[in-house]
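> With the input below, show me the fold.
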Amino acid sequence: MEPLIPAPKPCGRPAKVSRRKIMNAIQKVFP
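As a prediction, this is how the structure comes out:
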């Protein structure tokens with residue numbers, strides 16, 4: 001799944017949600 005998520009850009013705002021939480025949510029929706 002890691003290649004599907006784009007890397008954070010240095011000029012953008014910081015992420016509000018950690019990547020781990022995003023992955024956990026995706027795995028709950030698509031078991």
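
> residue ranges of the helices in the chain, please?
Using DSSP state H, the helices of the chain run over 19-29.

> residue ranges with poor pLDDT in it?
Scanning the chain for pLDDT under 70 picks out 1.

> who touches residue 22 in this structure?
Residues counted as contacts of residue 22 (CB atoms under 8 Å, 6 or more residues apart in numbering) are residue 5. (Glycine included, C-beta is placed from N, CA and C.)

> Please report how far residue 27 lies from residue 13.
26 Å (CB to CB, to the nearest Å).

> which one of those two has more residues nearby?
More crowded of residue 27 and residue 13, by other CB atoms under 10 Å: residue 27, with 10 against 7.

> For that one, give its distance to residue 21.
In this view, residue 27 and residue 21 are 11 Å apart by CB to CB.

> what does residue 10 give?
Distance, residue 10 to residue 21, using CB to CB: 22 Å.

> who's more crowded, these two?
The neighbour count for residue 10 versus residue 21, taken as other CB under 10 Å, is higher for residue 21 (11 against 5).

> Excluding sequence neighbours, find me the nearest residue to the residue nearest the centre of the chain.
When CA atoms, centre = their mean is applied to the chain, the residue found nearest the centroid is residue 19 (3.5 Å). Distance criterion CB to CB, 6 or more residues apart in numbering; nearest residue to residue 19, sequence neighbours excluded, is residue 5 at 6.4 Å.

> isn't that neighbour right up against residue 18?
No: Residue 5 is beyond contact range of residue 18, at 11.6 Å (criterion: CB atoms under 8 Å).

> Are there residues contacting both of those two? Which ones?
By CB under 8 Å, 6+ apart, no residue touches both residue 5 and residue 18.

> which one is residue 15 nearest to, not counting chain neighbours?
residue 8 (6.3 Å).

> how much space between that neighbour and residue 29?
Applying CB to CB, the value for residue 8 to residue 29 is 23 Å.
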